[in-house]
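Q: coordinates only, no sequence provided:
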Ligand SMILES: [Zn+2]
């Protein structure tokens, strides 16, 4: 067992990183980790950090090791992770990171700074960072993460060693889901109904390489049934009234789901606040810390997070709807053998649709979905955006 076991479908990257860790005296100090959302790039960054800090290079069960487990949990004093759910990373945040980066590590061999979404930096902010990643402090390692190398400025690219993550295969994701949440595992034993191989396969397929999403599908079965309802609903669209009903269901469902996810995140953050300061779940938080503690999940922040997340959920729904027309194209081009269908459960309805639509009409549907995404990003009202989209997806009636 090793710290790398937490990572799915990235064997070549792990091979590179474990070699780097074994020769840590010559380690490159500035890294750019590129991987699409869900490829698990932040997990890879944390595992890399753990292996660098750990006296045994992470080559053991991370839960039995204080160093590994605290790095993975985000509580190690020498590893700083900048995550943001803001659109851009602020210049002051980066300045304070730089200050941290210049301090000697307190207990471990390296001071490690992970920036999760370095693509969310303006050019001005990036410029503040350049000198640091060009010549990091002697004991400092920077790990910058972004969806792809093209998403960051060339000035960053040229100063970092690029590591590109693969989109994990369906088989790798399926295996991971069963290994972690299968009915015979400690986590899986608490999941009702149990995660069967069939469910794991479906979750892996419809998440299209997005591990975090695949995990949500098996652990929050309601999400899976919501998605199924959307796909079934789109495939059953016949008249405008169907479109109106489905649009309403989608926009209300997104708001509900966002609320659940945000509240779960607040509970997790409160728990990690307690553990990192040595309080148990039932200990009273002393007055001096109460303000900081209560700030987690403050109502105005909570509301804002829910709005933002519900946009993400709607965006995901657009991706789901898009997968129908992707499958239609696969069938129209007789490419199922190589490409496979995402929505295997709906094979017969999708086959019907692939006959009903011309190729041009199938492409037109994909463009309509892209338009809906632009409207949502431009703050369009979800209900109206989806009504317009779904009405436009109704297959034409031919005489
Ligand atoms: Zn360790």
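A: Yep, it's here. Here the structure is a predicted model, which means the values were calculated and not measured.
Q: can you name the element that comes right after the host helix or strand of residue 244?
A: Using DSSP states H and E, residue 244 sits in helix 240-276. Toward the C-terminus, helix 240-276 is succeeded by helix 287-295 as the next helix or strand (DSSP H and E).
Q: which parts of the helix or strand following that following helix are buried?
A: Per DSSP H and E, the first helix or strand lying C-terminal to helix 287-295 is helix 299-332. Within helix 299-332, the residues scored as buried using 16 or more other Cβ atoms under 10 Å are 302, 305-306, 309-311, 313-314, 316-332. Just so you know, the C-beta spots here come from the backbone N, C-alpha and C atoms, and that holds for glycine as well.
Q: residue 223: neighbouring residues, count only.
A: 20 (other Cβ atoms under 10 Å).
Q: mind listing what's buried along whichever strand or helix holds residue 231?
A: Assigned by DSSP H and E, residue 231 falls within helix 221-235. For helix 221-235, burial by neighbour count (16+ other Cβ under 10 Å) applies to 221, 223-224, 226-228, 230-231, 233-235.
Q: next, the angle helix 299-332 makes with it.
A: For helix 221-235 against helix 299-332, the angle by axes from the mean of the first three to the mean of the last three Cα atoms, to 10 degrees is 50 degrees.
Q: give me the contacts around stretch 193-206.
A: 170-171, 173-174, 177-178, 181-183, 188, 214, 217-218, 221, 224, 227, 320, 323, 340, 342-345 (Cβ atoms under 8 Å, 6 or more residues apart in numbering).
Q: just the buried residues of the residues you listed.
A: For the contacts of stretch 193-206, buried by 16+ other Cβ under 10 Å: 170, 173-174, 177-178, 181-182, 188, 214, 217-218, 221, 224, 227, 320, 323, 342-343, 345.
Q: what is the end-to-end distance of stretch 102-119?
A: 23 Å (Cα to Cα, to the nearest Å).
Q: quick one, what contacts residue 124?
A: Per Cβ under 8 Å, 6+ apart, neighbours of residue 124: residue 91.
Q: I misspoke; the intended subject was residue 254.
A: With contact set as Cβ under 8 Å, 6+ apart, residue 254 has these partners: 310, 313-314, 317, 382.
Q: nearest residue to it in space, please, no chain neighbours.
A: Sequence neighbours aside, residue 313 is the residue nearest to residue 254 in space, at 4.0 Å (criterion: Cβ to Cβ, 6 or more residues apart in numbering).
Q: list the contacts for the one you found?
A: Contacts of residue 313 were listed using Cβ under 8 Å, 6+ apart, and they are 253-254, 257-258.
Q: over to residue 369?
A: By Cβ under 8 Å, 6+ apart, the residues touching residue 369 are 318, 321-322, 325, 389.
Q: ranges for the strands of this protein?
A: Taking DSSP state E as the test, the strands found in the chain are 30-34, 79-82, 111-115, 140-146, 161-164.
Q: wait, which of these is closest to the ion?
A: Minimum separation from the ion across the strands of the chain (Cβ to the ion) falls at strand 79-82, 12.6 Å.
Q: for the closest one, which strands pair with it and how are they oriented?
A: Paired neighbours of strand 79-82 in the sheet (DSSP bridges): strand 111-115 (parallel).
Q: pLDDT averaged over stretch 271-289 - what is it?
A: Taken as a whole, stretch 271-289 carries a mean pLDDT of 85.
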